[in-house]
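**Student:** This is a predicted model, with the sequence first.
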Amino acid sequence: MNIKLSSIFRRNFIAVAAVFFASVVSTPVFSDSNGTNSMIKMTTSKGDLLIELYADKAPETVSNFLQYVESGFFDGLIFHRVIKGFMIQGGGFTPDMAEKANGAPIQNEADNGLTNEVGTLAMARTGDPHSATSQFFINLVDNGFLNHTGKNQQGWGYAVFGKVVEGLEVVTEIGDVATGQSGRFSDVPVEPVVILKAEKAAE
């Protein structure tokens, strides 16, 4: 999959949803060394997102994400995994579900104090805590069980590095699309949701 959440995590999500949905934690706005955060405009086939990146809290993750943005890597890729009431995931597959070659993995920065709340961006990864490359997900709800709890295999969590500050209704719309099976992949939108372009927003 490439959150990549295991089936156990999927079951845990259902089990703890009632607890975590009830609590709302506000993520503060953080500034980088220049006093302002990088802003990304992501144009999708469902509408536009404005994303604020928290470089002071997740410097390696933000730098990695910006390299993909500035190289045009995300342009033409899709949100290939959508689970209503959970998250939408993109940054790795073309509309025909071919995986795009990406760069080297980065260090997990989930211990930065930011939490997986509604609208936040976090890095997708495999079971290896430090395996994130280009894929990311946007939380549709407060997914507290994805947060960092300890520097061990089970506790690393998923690194939050940004937040959708405009266009959350677009994220919600994507989260509501019909999904199905595509080859070995599940939860794939029946009609591709395409990232037409990701770029730095004009200041």
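**Tutor:** On my side now, so go ahead.

**Student:** before we move on, what SS does V170 have?
**Tutor:** Using DSSP: H, G, I helix; E, B strand; the rest coil as the criterion, the local structure at V170 reads helix.

**Student:** where in the chain is pLDDT low?
**Tutor:** Judged by pLDDT under 70, the chain has its weakly predicted residues at 1-35, 203.

**Student:** just so I have it, where are all the strands in it?
**Tutor:** Read by DSSP state E, the chain holds these strands, from start to end of the chain: 39-44, 47-53, 79-83, 87-90, 120-123, 136-139, 160-166, 179-182, 185-189, 195-200.

**Student:** With mean neighbour count and distance to V62 as new columns, can these be given to me in JSON lines?
**Tutor:** Heads up, the C-betas are built off the backbone N, CA and C, glycines and all. JSON lines is the format used below for these (neighbours: other CB atoms under 10 Å; distance: least, CB to CB, whole Å):
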{"stretch": "strand 39-44", "mean neighbour count": "20", "distance to V62": "10"}
{"stretch": "strand 47-53", "mean neighbour count": "19", "distance to V62": "5"}
{"stretch": "strand 79-83", "mean neighbour count": "24", "distance to V62": "20"}
{"stretch": "strand 87-90", "mean neighbour count": "27", "distance to V62": "17"}
{"stretch": "strand 120-123", "mean neighbour count": "27", "distance to V62": "10"}
{"stretch": "strand 136-139", "mean neighbour count": "26", "distance to V62": "11"}
{"stretch": "strand 160-166", "mean neighbour count": "22", "distance to V62": "5"}
{"stretch": "strand 179-182", "mean neighbour count": "13", "distance to V62": "29"}
{"stretch": "strand 185-189", "mean neighbour count": "17", "distance to V62": "27"}
{"stretch": "strand 195-200", "mean neighbour count": "16", "distance to V62": "12"}
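
**Student:** so which of these gets nearest A104?
**Tutor:** Comparison of those against A104 by CB to CB identifies strand 120-123 as nearest, at 13.4 Å.

**Student:** That concludes my questions; thank you for your assistance.
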